[in-house]
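Colleague: please find the sequence and the predicted model below.
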Amino acid sequence: MIKVRVEDAVGMVLCHDITQIIPGEFKGRAFKKGHIVTTDDIPKMLRMGKENLYVWEKKEGCLHEDEAALRIAQAVAGAGISLTEPKEGKINLIAGLRGLLKIDVTGLNAINNEDQVVLSSLHRNQVVEKGMTVAATRVIPLVIDQMIIQRVEGHAGRYTPVVEVKPLVGMRVGVVVTGSEVYKGRIEDKFSPVVIDKVTKLGCSVIRKVNVTDSIEMISDNVKALLAEGAEMILITGGMSVDPDDMTPAGVVAAGGTIVSYGAPVLPGAMFMVAYIGRIPILGLPGCVMYSKNTVLDLLLPRILAGERITRQDVSILGHGGLCANCSTCRFPSCSFGKV
């Protein structure tokens, strides 16, 4: 910290706040600690009675907080991310589109392990809206060693992108409703309207809905028919319990499917199935999807629409955070449900 004449302080960083008092009108901070003095500031400072200022001595290899934050933000931001202007050493990372937020947690942790650096984010794998702040970064001191920022940039390069928003791509969806009681008209189908509403809100279109009995052959034939019609994803409602007459998994296998996971450590959503026929996802939906606001389907469907192929590991890791707390006022996705 050095003392300099106001006229000589242009481009230097203030070490203290400067308070302005205008009797009867204003009393408050006119210039904040960390402010970079400009030519336009000099007349105002002189009118405030400031002949000298205390500023940080400019040293080779040191960065101002705003420049450092900008370099961090630029290093970690991937596709679908825009940046705010630096302000007091802080920059927000903003979603540039509606999509799936992806955070490389290993990279995030490596960056935060560096001294005097902060990078915080929302939880990954949730749908975010355009304009939302999804992460923020800042440095702690007013000036920081450039070597620290270079190490941060190195971490970001190894784990790129650290922060990204992937667009959701609407798919052509086929819906298969199982159950003899629905097929024969004994009860009204209240399951498929819920499912159709969920997928259409995420930009999908339903090419056809078909009702079938709990028959392996009938399930298999209709899955094949929907694939032939161009379905890019198939959702099968019901038939997912361990009862002997629940045949959805067997019907999918008979259609040529490979089951990735039958069962999920998520409540609600334990009797959930993920399968694939080639590259086409086939999801078996338990009854809870019909009456619970948020289930395992809400956790994995956006990831599929963002182009991800779901693995068994993707499902099993949901156990930590997979218990819905049934809050009196639902705040999903701004809650712990499904956060890993």
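Modeller: Looks like it arrived, so ask away.
Colleague: for this structure, which spans come out with low pLDDT?
Modeller: 58, 244-245 (pLDDT under 70).
Colleague: domains in it, by residue range?
Modeller: Residue ranges of the domains in the chain are recorded as 2-55, 62-167, 172-319, according to automatic domain parsing.
Colleague: how about a markdown table for these, with distance to Asn326 and mean neighbour count added?
Modeller: Quick note: C-beta positions are derived from backbone N, CA and C, even for glycine. Output for the domains of the chain, formatted as a markdown table (distance: least, CB to CB, whole Å; neighbours: other CB atoms under 10 Å):
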| stretch | distance to Asn326 | mean neighbour count |
| --- | --- | --- |
| domain 2-55 | 45 | 14 |
| domain 62-167 | 19 | 19 |
| domain 172-319 | 9 | 19 |
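Colleague: minimum distance to Ser336: which of those domains has it?
Modeller: Among those, the nearest to Ser336 by CB to CB is domain 62-167 (8.5 Å).
Colleague: ends of that closest one, what's the gap?
Modeller: Using CA to CA, to the nearest Å, the gap from the first to the last residue of domain 62-167 comes to 38 Å.
Colleague: surely Ile103 touches Val165?
Modeller: No. Ile103 is not in contact with Val165 according to CB atoms under 8 Å; the separation is 10.3 Å.
Colleague: nearest to Ser334, out of the domains of the chain?
Modeller: domain 62-167 (8.3 Å).
Colleague: distance from the chain centre to that closest one, please.
Modeller: 13 Å (CA atoms, centre = their mean, to the nearest Å).
Colleague: can you check stretch 250-263 too?
Modeller: 29 Å.
Colleague: from start to finish, how long is it in a straight line?
Modeller: Termini of stretch 250-263 sit 14 Å apart (CA to CA).
Colleague: same check, this time on stretch 160-176
Modeller: OK, stretch 160-176 end separation, CA to CA: 39 Å.
Colleague: then stretch 205-219?
Modeller: End-to-end for stretch 205-219, by CA to CA: 21 Å.
Colleague: got it, and stretch 221-240?
Modeller: 18 Å.
Colleague: about what we covered before: list the residues that are in contact with both of Ile103 and Val165.
Modeller: The contact sets of Ile103 and Val165 do not overlap (CB atoms under 8 Å, 6 or more residues apart in numbering).
Colleague: centroid residue for the protein?
Modeller: Taking CA atoms, centre = their mean, the centroid of the chain lies closest to Leu101, which sits 2.4 Å from it.
Colleague: now it: closest residue in space that isn't a chain neighbour?
Modeller: Spatially, and ignoring its direct neighbours in sequence, Leu101 is nearest to Val128 (4.8 Å; CB to CB, 6 or more residues apart in numbering).
Colleague: what sits against the one you found?
Modeller: Ala95, Arg98, Gly99, Leu100, Leu101, Leu122, Val134, Val165.
Colleague: mind listing the strands for the stretch 201-340 of the chain?
Modeller: For the stretch 201-340 of the chain, strands defined by DSSP state E, counting those that start in this stretch occupy the ranges 205-211, 233-237, 258-262, 273-277, 280-285.
Colleague: one more: the stretch 1-150 of the chain?
Modeller: 2-5, 18-22, 26-31, 52-55, 62-64, 81-83, 90-95, 99-103, 117-121, 127-128, 133-139, 143-145.
Colleague: need these in TSV with distance to Asp40, can you?
Modeller: As requested, those are exported to TSV (distance: least, CB to CB, whole Å):
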stretch	distance to Asp40
strand 2-5	17
strand 18-22	14
strand 26-31	12
strand 52-55	15
strand 62-64	18
strand 81-83	25
strand 90-95	23
strand 99-103	40
strand 117-121	31
strand 127-128	38
strand 133-139	26
strand 143-145	22
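Colleague: what's the first-to-last distance across stretch 328-340?
Modeller: 23 Å.
Colleague: can you tell me what sits against it?
Modeller: By CB under 8 Å, 6+ apart, stretch 328-340 touches 123-127, 266, 293-294, 296, 298-299, 317-318, 320-325, 327.
Colleague: for that stretch, which positions count as buried?
Modeller: Neighbour-count burial for stretch 328-340, counted by 16 or more other CB atoms under 10 Å, picks out Phe332, Pro333, Cys335, Ser336, Phe337, Gly338, Lys339.
Colleague: off-centre distance for stretch 257-273?
Modeller: That offset, for stretch 257-273, works out to 23 Å (CA atoms, centre = their mean).
Colleague: swap in stretch 275-283?
Modeller: 24 Å.
Colleague: any idea how far Ile36 is from the closest residue to Met48 other than its chain neighbours?
Modeller: Among residues not flanking Met48 along the chain, Gln20 sits closest, at 5.5 Å (CB to CB, 6+ apart). Distance, Gln20 to Ile36, by CB to CB, to the nearest Å: 18 Å.
Colleague: Ser241: what's it in contact with?
Modeller: Met271, Pro286, Gly287.
Colleague: I'd like those residues laid out as TSV, including distance to Val210.
Modeller: As requested, those are exported to TSV (distance: CB to CB, whole Å):
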residue	distance to Val210
Met271	21
Pro286	19
Gly287	19
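Colleague: which of these fall in helices?
Modeller: Within the contacts of Ser241, no residue falls in helices by DSSP state H.
Colleague: identify, from the residues you listed, the entry nearest to Gly230.
Modeller: Pro286 (26.7 Å).
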